[in-house]
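Student: Below is the sequence, then the predicted model.
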Amino acid sequence: SYVFVDTLFQKAGIIRCYGRNELMTVAGILQQKESEGKNIAIITHAGGPAVMLTDVLSKNGLKIPHLEGKESETLLDKLFDGSSVSNPIDFLATGNAQQLEA
């Protein structure tokens, strides 16, 4: 059964992919070097999915620290009104390449 196979794969450490696109995404992630810490910053142009990602990452042991201070204020000055730099960093759908670089 579907549940049996999923459980078996999970216990064996197998990552199950349901299509080529998902397989390519997983392969790309697995090729990255392992991070050294548990803190992570999320940079996005869509706040809703970033909040959902924050919840999932937090529930799985990563820390998404609140960003504040001089650096975040400097960054906020470079972004459009309505952007957020508290983490997740949301530079809005109207953000441009220069803002993403900043």
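Tutor: Arrived safely, thanks for sending.
Student: Only C-alpha atoms from now on, for both contacts and neighbour counts.
Tutor: Fine.
Student: For the residue lying closest to residue 84 once chain neighbours are set aside, grab the count of nearby residues.
Tutor: Leaving aside its sequence neighbours, residue 84 sits nearest to residue 90 (CA to CA, 6 or more residues apart in numbering; 5.0 Å). For residue 90, the count of nearby residues is 23 (other CA atoms under 10 Å).
Student: Could you give the bridge partners of residue 90?
Tutor: Per DSSP bridges, the residues bridged to residue 90 are residue 44, residue 84.
Student: For residue 85, grab the count of nearby residues.
Tutor: 22.
Student: list the contacts for it?
Tutor: Applying CA atoms under 8 Å, 6 or more residues apart in numbering to residue 85 gives the contacts 67-68, 72, 75-76, 91.
Student: phi, psi of it?
Tutor: phi -120, psi 20 (degrees, to the nearest 10).
Student: quick one, what contacts the residue nearest to residue 84?
Tutor: 43-47, 83-84.
Student: Out of those residues, which is nearest to residue 34?
Tutor: residue 43 (19.1 Å; CA to CA).
Student: Test my guess that that closest one contacts residue 89.
Tutor: Yes. The pair residue 43 / residue 89 is scored as a contact, 4.7 Å apart, by CA atoms under 8 Å.
Student: mind showing which ranges of the chain have poor pLDDT?
Tutor: For the chain, applying pLDDT under 70 flags no range at all.
Student: what residue is smack in the middle of it?
Tutor: Nearest residue to the geometric centre of the chain (CA atoms, centre = their mean): residue 42, 4.9 Å.
Student: coming back round to it: give me the more crowded residue out of residue 43 and residue 89.
Tutor: Taking neighbours as other CA under 10 Å, residue 43 and residue 89 compare with residue 89 leading, 23 against 16.
Student: For that one, give me its contacts.
Tutor: With CA under 8 Å, 6+ apart, residue 89 has these contacts: 41-44, 83.
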